[in-house]
Structures are given as structure tokens and as C-alpha cells.
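J.: Next come a sequence and a model predicted from it.
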Number of protein chains: 4
Amino acid sequence: MTHAQQILETHPRGAAIEAGALVACIDACFECTQSCTACADADLGEPDVGTMIRCIRLCLDCADVCSATGQILTRQTEFEPELARSVVQSCALACRICREECERHAQHHEHCRVCAEVCLLCEQACDRVVSILAA
Amino acid sequence: MTHAQQILETHPRGAAIEAGALVACIDACFECTQSCTACADADLGEPDVGTMIRCIRLCLDCADVCSATGQILTRQTEFEPELARSVVQSCALACRICREECERHAQHHEHCRVCAEVCLLCEQACDRVVSILAA
Amino acid sequence: MTHAQQILETHPRGAAIEAGALVACIDACFECTQSCTACADADLGEPDVGTMIRCIRLCLDCADVCSATGQILTRQTEFEPELARSVVQSCALACRICREECERHAQHHEHCRVCAEVCLLCEQACDRVVSILAA
Amino acid sequence: MTHAQQILETHPRGAAIEAGALVACIDACFECTQSCTACADADLGEPDVGTMIRCIRLCLDCADVCSATGQILTRQTEFEPELARSVVQSCALACRICREECERHAQHHEHCRVCAEVCLLCEQACDRVVSILAA
């Protein structure tokens, strides 16, 4: 059980939406923040940095969106479904666009391969939360 | 001329969209991050904190979204219009929802009145960028 | 193996300091960002919120410091030891001060007990990185 | 009068330290977050990006530290001087190290010249707050 799940289960008002999907998405957002920051940084250290500019930029954007989304989904008190849905949709989009760019470099940069994998997990976790919030 | 404008004008690739609307939105996002953080904190110091819970929560969310949006709009290299539009739309929504709550407290809490004002400016600046990106 | 470790191991320039301690600290910083955000939010949902104001404030501060520290330690390219040490020291301090407040509430709020535990892990991981950087 | 100042003046518990120095530092931190993000991005768009790697990295770090510091200083409720001092000291250091690197490029990259200027203002504003907190 992750710490995110432990704290969520002890929230005085309970989880605002299905706890399993919520915790998976929160954990994925924080992981993806880290992976995208790490991938942008590894790109900067590559000899072919000039070909990695778009990857760096999208990783930086994705890290920012994932970080904000992870924070917002973490909050259960006075949860606001309309805002949550909009933010999580943006996050899924950021993850998809970043993933597609990382996949283009996955064969020659292992960090891009791992980052694309983490982006995909986050995109899927976001999609699941969006479908719950849209129900 | 703000520093945001100065740096934007010296960007090697130029601004990705109309510079006036862009700089106004970037500056508004950073201002709104600060105002919402300040309003949530002032709420915490109020004797009637129990009635300000929703205001605190929405201010924290709005600060997170505005911060991410300000960062993403600041970046002009390999600008990604689809992602920018989605994020700025979420930001306009966060500002509107937060503003509506702050307005409910504006008569008895001056910090809520100022925060609602800053949220409105950011919402309008975001709407303008969204309309440019949708064109 | 965490994703943080996987990407670190594929960094073109390698890890700037001992990888085990570094990855443990990065992971702890992101976990602590999440836990402190969750604890502040759970505090806001408690009937006795008026007695949790200091806990909320310190959790918000600790989340901000841990997030910045996690980002900075994630970057290995052109690693700057003097800055890293200063930031990680601030992070250890933020974790200690936040943990001490959470411990005061641990008996009646389970989320504070878990948050104190995560803060302690992060404090210890930071202390280890500081000792490596000071060597 | 900035919005930061307006909200600070309406805080139910007042400013924790001298308001002028505090507001100047808060505003400088948010400006420096923006400038450093913009400078890192402009560097990425330069034909000589390979020579700007250290500048990008330090700008990203400086933006993270300034953002966290601006948030923490914004909070007046249950202000914690020991933590504030440590964080603001790290911020002054981040600004100094980033400024020194930007200055090296100021003659051929105007965005580095502007960013160095903003870093200097933030460094000085931080130093003033540190001296107040150390008194």
C-alpha cells in the first residue's frame, strides 16, 4: 500500500471518487513529473542535444501539468469534479504528446524509452479518472 | 515593459502567438498564483476558518493550475498549440470557480475581494489566449 | 527498481553522486510532497480544523520545498553541489519542523501519523545526501 | 501597489516581518521564476544550444527554488522564521549562481542579460529578508 493510499483512507471525509483509480492516478502523476524532469535533463546531457529540443520542451510541460494534477487530485476536501475533469484531461493530453515524442527517440535513448512508458501509464490512469468523472 | 515582455522580445525564435495577449496572460498567471496562495493563507488566519474551507481548497487548486500555465505559456520553443489551449482552458475554469467562491466572501474579507479581482483578470487573459489559439 | 533509478542509470553523464542515496532522496522528496499535500487537505476536512492551522501551514511549506528539491536532485547534467547541498539542507529542516508538528496530532489523526512517518524518511534521506555532498 | 501588497495588508494576523522587504522579495521571487523559465527556453531555441547547457540547468533550478520561496514567504499564518531563513538563503544562492552563468552569456544573448538582472534583484531582495530574519 502506498503512502498516498494510506493517507487517503484516513481522510475525514473519505475519497471523493473511487479510491483505486484515484490513488493510481495520483501516484502516476508524481512519477511522471519525476520521469519527465529526468528525461529533459538526460536530453540536455546528450551529445545530440540539438535534435532533442522538442523532447526537452514537451517533458518540461508534461512535468508541470503532472505536478499540478497530482496536487489537485490529492485534495479530497470540497472536491470540485468539473475542475478535476478539465485538469486531468489536460494531463492525459500532455502525457500523450510527450510520450509520442519520447517514443521517436526510444531506440537510441533508453531514458526516452522509460519516460514514454511512464507517460503511457499516467495517460491511462488519467483516462480512467476522466471516465469516472464523466459518468 | 515587464521582464516577461523583455525576455519574450529577445527570444531567438520569436513569440509563438501574438505577444501582447501572451505576456498579459503569463503575467496574470504568476500574479494569480501569488494571490491565491495569499488568500488561502489569509483564510487560514481568520477566526471563521471553518466557513472558509471551500475557499482555501479552490485557491490552492487555482494556484497550482496558474503556476503550471504560466510556466507552459512562458515557453516559446517548440510551442504546442493543442496542449497550450487545453491547459489555458483549464486555467480559465480554475480562475472562474475560485473567483465565484472568493466573491461570496468579498464583503467580509478584503483579501477575498482582491483575490477575486486577480482571478477575474487571469480568467479574461486566459480566455483571450484560448480565442487566439482556437482561431 | 523505481523509474527514477531506471532513468538515472541511463543518464548519458551518469549520476553526479552515489546513485543509491540520490534515488532514495528523490523518491522520498516526491512522496513527501504528496503526503504533505494530502495531510494539509485532510486537516482542512477535520471538525477541529481550528487546532490544525499550524499543521496545515507547515505541510504546505514542506510540500513546496520537497517538490523543488526533488526536481533539483533529479537533474544530473551540470550538477551544482553547493546549491544542491543548500537546498537539501532546507528540505531536511522543512521535513523536521513539519514532522514535529504532525507528531503532536498523530494520536488523534491517522493522516498526521502517516505524514510524520513520510517526513522522517525524507529528512533522513536528505541528511544522507547532505553528508555525501559535504564530504 | 502590487496585488501581493494589497492582500498582505488585509491579512487577519498582519505581516510576520517588515512588509516592504517581504513584498519586494515575494514579487522578486515570482518574477525570477518567470525570467529563469523564459531564459532556459530561449537558450533551447538558440543555434548554439550546446554551449548553453549549464545556463539552462541553472535557470531550471533557480526557477524551482524561487517558486517555492515565493510561496513560502507569501504565507503569514504561523510563519516559521527558521525555515523561512533557510529557504530564502538557498534562494539567494540559487539566484547568485544562476546570475553568474547568465552574465557570461549576456553579451551575445539579450535574454541572458535580462535574466541576470532579474536574478540580481531577487538575490538582493532575499539578502534583505535574510538579514531581517537573522536580527
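T.: Happy to help now that I have it.

J.: For residue A:72, which residues are in contact?
T.: Going by CB atoms under 8 Å, 6 or more residues apart in numbering or on different chains, residue A:72 touches A:83-84, A:87, B:61, B:64-65. From N, CA and C alone the C-beta is placed, and that goes for glycine too.

J.: Compare these and tell me which is most surrounded.
T.: residue B:65 (33 neighbours; other CB atoms under 10 Å in any protein chain shown).

J.: Grab the nearest non-local neighbour of that one.
T.: residue B:94 (4.1 Å; CB to CB, 6 or more residues apart in numbering or on different chains).

J.: for the helix or strand where that neighbour lies, the distance to its chain's centre please.
T.: Taking DSSP states H and E as the criterion, residue B:94 maps to helix B:81-105. Distance of helix B:81-105 from its chain centroid, counting by CA atoms, centre = their mean, to the nearest Å, is 7 Å.

J.: ok, is the helix or strand following that helix in contact with chain A or not?
T.: Counting by DSSP H and E, the next helix or strand C-terminal to helix B:81-105 is helix B:110-134. No - judged by CB under 8 Å from any CB of the partner chain, helix B:110-134 and chain A are separated, with a smallest distance of 12.1 Å.

J.: Report the buried residues of stretch A:82-97.
T.: A:83-97 (16 or more other CB atoms under 10 Å in any protein chain shown).

J.: now it: mean pLDDT?
T.: Stretch A:82-97 carries an average pLDDT of 98.

J.: contacting residues around that stretch?
T.: In contact with stretch A:82-97 (CB under 8 Å, 6+ apart) are residues A:25, A:29, A:32, A:58, A:61-62, A:65-66, A:68-69, A:72-73, A:119-120, A:122-123, A:126-127, A:129-130, A:133-134, B:58, B:61, B:65, B:80, B:82-83, B:86-87, B:89-90, B:93-94, B:97.

J.: that older thread, the contacts of residue A:72: which two are farthest apart?
T.: Within these, A:84 and B:64 form the most distant pair, 11.8 Å apart (CB to CB).

J.: For residue A:17, which non-adjacent residue is closest in space?
T.: residue A:132 (5.4 Å).

J.: Burial check on the one you found, number of neighbours?
T.: 17.

J.: Am I right that residue A:22 is in contact with residue A:129?
T.: Yes - assessed by CB atoms under 8 Å, residue A:22 is found in contact with residue A:129 at 6.7 Å.

J.: Please spell out the segments of chain A that come in under the pLDDT threshold.
T.: By pLDDT under 70, chain A contains no weakly predicted segment.

J.: Get me the contact residues on it for chain B.
T.: So chain A meets chain B at A:53-54, A:57-58, A:60-61, A:64-65, A:67-68, A:71-72, A:75, A:77-78, A:80, A:82-83, A:86-87, A:89-90, A:93-94, A:97 (CB under 8 Å from any CB).

J.: repeat that for 7 Å
T.: A:53-54, A:57-58, A:60-61, A:64-65, A:67-68, A:71-72, A:75, A:77-78, A:80, A:83, A:86-87, A:89-90, A:93-94, A:97 (CB under 7 Å from any CB of the partner chain).

J.: Centre-most residue in chain A?
T.: residue A:29 (3.3 Å; CA atoms, centre = their mean).

J.: Let me see the contact set for the nearest residue to it once chain neighbours are set aside.
T.: Counting by CB to CB, 6+ apart, residue A:29 lies nearest to residue A:70, which is 3.3 Å off, once chain neighbours are set aside. Residue A:70 makes contact with A:26, A:29-30, A:33, C:34 under the criterion CB atoms under 7 Å, 6 or more residues apart in numbering or on different chains.

J.: How is residue A:70 assigned, secondary-structure-wise?
T.: helix (DSSP: H, G, I helix; E, B strand; the rest coil).

J.: how near is it to residue C:34?
T.: 7 Å (CB to CB, to the nearest Å).

J.: now residue A:66
T.: In terms of CB to CB, residue A:66 sits 12 Å off from residue C:34.

J.: same question, residue A:111
T.: Counting by CB to CB, the gap from residue A:111 to residue C:34 is 23 Å.

J.: Make sure residue A:44 is actually in contact with residue D:52.
T.: No - Residue A:44 is beyond contact range of residue D:52, at 9.5 Å (criterion: CB atoms under 7 Å).

J.: which of these two has more neighbours?
T.: Ranked by neighbour count (other CB under 10 Å), residue A:44 and residue D:52 place residue A:44 first, with 27 against 23.

J.: separation between the more buried one and chain D?
T.: 5 Å (CB to the nearest CB, to the nearest Å).

J.: helices or strands up against the helix or strand where the residue nearest to the centre of chain A lies?
T.: Using DSSP H and E, residue A:29 maps to helix A:19-44. On a contact count with 3 or more CB pairs under 7 Å, 6 or more residues apart in numbering or on different chains; DSSP states H and E, helix A:19-44 meets helix A:3-9, helix A:53-74, helix A:81-105, helix A:110-134, helix C:3-9, helix C:19-44, helix C:53-74, helix D:53-74.
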